[in-house]
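have a look at this prediction, sequence included:
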Amino acid sequence: MFRSVAISTTFTIRAVGATPIMMLRYQNYAVPVLRLGCNVASDMNYQKRCLHSTGMADSTLESTVPIIDMSMSDEELGKSIHHACTTVGFFIIVQHGVPEELRARMLQQARLLFSELTLEEKEAISVKHSNSYRGFQTMGVNVTNGQRDGHEALDLVSESTRAIVTRSSDSKFKDLTNYGQNQWPDSRLLPDFRNTTEEFIDAMQAVGLRLMSACSRGLGLDPHFFEPYFDDAYWSMRMIRYPVDSEDRMDDDYDFGVGEHTDYGVFTMILCDDVKGTLQIRRKGQSEWTNVDPVPNGFICNLGDMLARWSNNLYVSTPHRVLRPQKSNCHPLQNDRISIPFFFDPNYDSVISPIGELVEKSKNPLLFDPIMYGDHLLAKTSKNFMV
Ligand SMILES: O=C(O)CCC(=O)C(=O)O
Ligand SMILES: [Fe+2]
């Protein structure tokens, strides 16, 4: 159904904060946000190109990364998720219940975060002022594998009180902590940012819970098996802007938008604009990287380390990375890609150990010791920033 190239156009003019924004809307297609005064004709051509190339990309994409329609029955959904998780570790969900309109508003607010705040205003909510890895990271502050990543971002994390209690009674990480308060952009600058984000978080938590229930069915467990681990789900999210690579860059820093990694938790669901050729995965036993491009109204999903642990590696936490966007893949009036990964993760104090039946099913020896999710997260996030 996404292969249709029929185009219906509506124009909506909105005022967002102080900035008027024009939205071009095409049937079944992501909504770019343009400043007034742009050349609408050239934007239409750009959209047509995207529609055609989405159509062409679908077949190769489907053969690598399954597209899963969440409107199917729980039983069927369980099977589809199970298949994706035991093979590629990535899938794309459509018909997930998150309104297209909310997705568009969230992307729009993220874009405004990067375009409307001055460097000073970004620094005012910098991760440097947080002892819990929350806040804004200007270009190069985020690090993967010891190398600075080519992106700027805002990180928000659940403010769970259970995490506070757990961490404060624990001396393992000494001065480190990852509980605390989020740093939000000034509401006078972005009046709709916080409420849109909170609405989005609620919607994503609902999708996350449905994925967990599908997962338990797919694994042959009680459909409620995972529920106790998610009654205070310790979500986090990032709003990321990847600028195109500059031709005069001199060193190895910023080689990637995000360097190779696996995700830390259970399920990551990515809302992103339509820029292609950036997110790549490396499947088990393979050395080459494969693009995972966005699909209209879809969230690109992958599973993380905790699900691999629970299933004793029956489910694969697939390494991935993000290339810096090519100018030729960006909207003509933009020089970047916006991406919003939402990390749906277990309770901070959940202890994750391989599930007996799954150790057998995986045909692997017991691979993991029990770990508290908060410990795993803290060990990872404490290496993510160079401020
Ligand atoms: O921006 C993306 O497409 C993915 C980012 C990512 O892998 C991450 O933040 O863990
Ligand atoms: Fe990731």
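Now that the structure is in, tell me what you want to look at. Ligands and ions are numbered 1, 2, ... in the order given.

every contact and neighbour count from this point should use C-alpha atoms.
Fine.

give me the element N195 is part of.
Taking DSSP states H and E as the criterion, N195 maps to helix 193-218.

contacting residues around the residue sitting nearest the centre point of the chain?
Taking C-alpha atoms, centre = their mean, the centroid of the chain lies closest to P341, which sits 1.4 Å from it. Going by C-alpha atoms under 8 Å, 6 or more residues apart in numbering, P341 touches M237, R238, M239, T268, M269, I270, L271.

now do 7 Å
By C-alpha atoms under 7 Å, 6 or more residues apart in numbering, the contact list for P341 reads M237, R238, T268, M269, I270, L271.

who does it form a beta bridge with?
I270 (DSSP bridges).

okay, it: pLDDT?
We have a pLDDT of 98 for P341.

after the helix holding N195 comes which helix or strand?
strand 236-243.

who touches stretch 189-205?
G17, V98, L102, M106, Q109, F344.

ditto for stretch 132-140
122, 125-127, 148-157, 177-180, 182-183.

for stretch 245-258, which positions count as buried?
D245, Y254, D255, F256, G257, V258 (16 or more other C-alpha atoms under 10 Å).

for stretch 263-275, same thing?
For stretch 263-275, by 16+ other C-alpha under 10 Å, it's 263-275.

and of those, the nearest to G78?
Nearest to G78, judged by C-alpha to C-alpha, of the buried residues of stretch 263-275 is F267 at 14.5 Å.

what pLDDT does that closest one get?
98.

near ligand 1, which residues of this protein are found?
D263, L279, S339, P341 (C-alpha under 6 Å from any ligand atom).

which one (most neighbours) among the contacts of stretch 189-205?
F344 (28 neighbours; other C-alpha atoms under 10 Å).

could you pull out the helices for the stretch 1-150 of the chain?
Shown for the stretch 1-150 of the chain, the helices assigned by DSSP state H, counting those that start in this stretch span residues 40-64, 74-86, 100-116, 119-124.

rank those by mean pLDDT and give me the bottom one.
helix 40-64 (a mean of 38).

show me which pair in the contacts of stretch 189-205 is furthest apart.
Longest span within the contacts of stretch 189-205, C-alpha to C-alpha: G17 and F344, 29.9 Å.

returning to what we had before: redo the buried residues of stretch 245-258 as TSV? Include secondary structure and pLDDT.
As requested, those are exported to TSV (DSSP: H, G, I helix; E, B strand; the rest coil; pLDDT from 0 to 100):
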residue	secondary structure	pLDDT
D245	coil	88
Y254	coil	90
D255	coil	91
F256	strand	95
G257	strand	96
V258	strand	96
